[in-house]
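[1] quick one: sequence plus predicted model below, questions after.
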Amino acid sequence: MPPNVESRWRVGGPRKLVILAVPVDHVRSLLGPECPDDLSSALEPLSGSTAPNAVVSTLLQQLWTLGDPEGPLGRMLADSMVLALICQVLILAKAGTPYPASGAFSPREWRRVCDYIDAHLQEEIALADLAHLAGWSVRHFTRMFRQSTGQTPHNFIVHRRVDRAKDLLRKQKLQLADVALTCGFADQSHFTTCFRKATGLTPLRWRRELV
């Protein structure tokens, strides 16, 4: 859950649920200079994911078992676990979009779809082509995609384009119009609208805040 993102839950039947909330200031103090400037953007690829991860599960269970630590050594132990958890989550986010909820795509199908999208961001991506990669009809693909990711294929592609734009804005001194075309947006105005909707900032403002 990135900062400033609403959390909603719909649970049916018995569940064991552990929620760990770590203040942003504490994350920054633990990570020091390795902390991303924009935690929301850094964690965005994992937002809404239900994909299991053994390291995350183990660390959460250990923190739950530890409870409220007593004394400086106990607090150091808890902080080390929280630090390990934060690092693991950031590593997962940096690795790319996680495998979505089970019951829809196989890992191979999901990776094939993501690789195709990333390789064709500069072009118009047809929904029929994505459905064909997964071996489904367009209607079924669209329904299962939304069920698995919480997004429509179109919104997912736009977010991938915004992520690509962020990389170009960080690393290259391209004009905004060139970034827009490189990432598959119709023009600079379309790019600015989509980028601001995803990040709350215009591309120019976002780039300036990196300096």
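    Structure's in. What do you need?
[2] so what's the residue located most distally from the centre of the chain scoring on pLDDT?
    Within the chain, G71 marks the point farthest from the mean C-alpha position, 35.9 Å out by Cα atoms, centre = their mean. You'll see G71 listed with a pLDDT of 87.
[3] tell me, how many residues neighbour R196?
    Neighbour count of R196, defined by other Cβ atoms under 10 Å: 15. (Each C-beta comes from the backbone N, C-alpha and C, glycine too.)
[4] now swap in P153 and tell me
    19.
[5] show me where pLDDT drops low in this structure?
    1-9, 47-52, 95-104, 172, 211 (pLDDT under 70).
[6] just the helices in it please.
    Assigned by DSSP state H, the chain shows helices spanning 24-31, 39-43, 54-66, 71-95, 107-119, 127-134, 138-149, 153-171, 176-182, 188-199, 203-210.
[7] out of these, flag the one nearest R10.
    Judged by Cβ to Cβ, the one of those that comes nearest to R10 is helix 138-149, at 12.8 Å.
[8] buried set for the closest one?
    For helix 138-149, a neighbour-count test (16 or more other Cβ atoms under 10 Å) marks F141, T142, M144, F145, S148, T149 as buried.
[9] now do stretch 202-211
    P203, W206, R207.
[10] need the contact list for the last one.
    Counting by Cβ atoms under 8 Å, 6 or more residues apart in numbering, R207 makes contact with L169.
[11] likewise the first one?
    P203 makes contact with A165, L169, L176, V179, F191, T192, F195, according to Cβ under 8 Å, 6+ apart.
[12] so which pair among the residues you listed is furthest apart in space?
    L169 and T192 (12.1 Å).
[13] S80 and L90, how far apart?
    Going from S80 to L90 by Cβ to Cβ, to the nearest Å gives 16 Å.
[14] more crowded one of those two?
    L90 (19 against 12).
[15] identify the residues contacting the more buried one.
    When contacts are counted by Cβ under 8 Å, 6+ apart, L90 touches P36, A42, L43.
[16] what is the burial count for the second one?
    So that's A42. By other Cβ under 10 Å, neighbour count at A42 equals 16.
[17] so it sits against E34, correct?
    No - in this structure A42 lies outside contact range of E34 using Cβ atoms under 8 Å: 10.9 Å.
[18] for the residue most central in space within the chain, which non-adjacent residue is closest in space?
    For the chain, the residue nearest the mean C-alpha position is P45 (1.0 Å; Cα atoms, centre = their mean). Of all residues not flanking P45 in the chain, A93 sits nearest, at 4.7 Å (Cβ to Cβ, 6 or more residues apart in numbering).
[19] distance of that neighbour from M81?
    19 Å.
[20] what of L20?
    Taking Cβ to Cβ, one finds L20 at 10 Å from M81.
[21] one more: P36?
    In terms of Cβ to Cβ, P36 sits 20 Å off from M81.
[22] what's the answer for L43, then?
    19 Å.
[23] neighbour count: the two, which is higher?
    Between L43 and M81, L43 has the larger neighbour count (other Cβ under 10 Å), namely 21 against 18.
[24] thought that one was touching V89?
    Yes - under the criterion of Cβ under 8 Å, L43 makes contact with V89 at 6.9 Å.
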